[in-house]
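> Here's a sequence, model it:
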Amino acid sequence: MSDDSVLFEPDLWCPLPDVERRARLADALERELQGEPGFTGAHVRVGPVERPYDLTAVVETDVGELRTELWSHARAVIFCDPSVHPANRRQLAPGLALREAVARLKSRLNAHFSLESRGLTVTLTPEPGVERTWTAERSRFRGRTAVTREDVVANAGDVDLRDLLAHFYTGPSLRLAAEDGSAFLLPAGTEPDAGPLVSLCQACRHWSEGPAAVCPACGGPVDTVVALRPARR
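Residues are numbered from 1 along each chain as shown. This is a model prediction of the structure:
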């Protein structure tokens, strides 16, 4: 159905069965993204058993799937709680959450990249007034690839810089498109898995599992560090 008023009114939304709620959201998601580069379809995925209303918007593209959070279980419970004033409930409407999810997905559906002599560069706009540039440079001399990120803020007074720093992470999946229209999916990156604590001897370079006061091999001073496992391929 094309009537989206149900996504904003608790009295219309709450009597619906869960299957129809997800169908309404999926239909609205498809209409909002219809015609976007690479878009082929969309659906809504439910959360775990203990939080079934933690909904995820899943967009199918020509190169893979993009996902983003859609609506939380906590908001869903409050939205259908008759003891809460209707005006307060409308502020948590699934229709509002859908608009935010659509905005995030549109910015990720057609992220442009360019190939230069130094490597590959991707430019994004995570929010108005902020330009984010990722650069992957391959060093033949060192035999490795370095990835750097630069945020350029047009007006720092309009942006929460703490929020930018808090989101200094590998990021969600992106559909990257070149000028000629060719595209590929950059999958969501994850932080390397943290491993056990190990102690490294500064003198003899011996290592041992767990924190140690001194090196068990030579009695020298040690550094205790967290071992990082490389990201899974």
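> in the chain, which ranges drop under the pLDDT threshold?
Along the chain, segments meeting pLDDT under 70 span 1-2, 140-142, 156-171, 189-197, 211, 224-233.
> Helices of that one, start to end?
Applying DSSP state H to the chain gives helices spanning 10-13, 18-33, 73-79, 86-90, 94-109, 161-166.
> what comes up buried for the first one?
Read that as helix 10-13. 10, 13 (16 or more other CB atoms under 10 Å). The way it works is simple: take the backbone N, C-alpha and C, and place the C-beta from them, glycine included.
> so what does it touch, helix or strand wise?
The contact analysis (3 or more CB pairs under 8 Å, 6 or more residues apart in numbering; DSSP states H and E) places helix 10-13 against helix 86-90.
> Just give the nearest non-adjacent residue to the residue nearest the centre of the chain, would you?
Residue closest to the average C-alpha location in the chain (CA atoms, centre = their mean): Pro172, at 3.3 Å. In space, Pro172 comes closest to Ala188 once its chain neighbours are excluded; the distance is 5.0 Å by CB to CB, 6 or more residues apart in numbering.
> what about the one you found, how many residues close to it?
12 (other CB atoms under 10 Å).
> so where do the strands sit in this structure?
39-45, 55-61, 65-71, 111-116, 119-127, 130-139, 144-153, 174-177, 183-186, 194-201, 207-209, 222-228 (DSSP state E).
> Tell me the strands beside the second one, with direction?
In the sheet containing strand 55-61, its partner strands are strand 39-45 (antiparallel), strand 65-71 (antiparallel), by DSSP bridges.
> List of residues touching it?
22, 25, 29, 33, 38-47, 65-71, 76, 98, 101, 105, 109, 175, 183, 185 (CB atoms under 8 Å, 6 or more residues apart in numbering).
> Residue ranges of each domain in this structure, please.
The chain breaks down into these structural domains: 4-108, 111-186, 194-228 (assignment by automatic domain parsing).
> hey, which of those is tucked in deepest?
Mean neighbours per residue, mean count of other CB atoms under 10 Å, is largest over the domains of the chain for domain 4-108, with a mean of 16.
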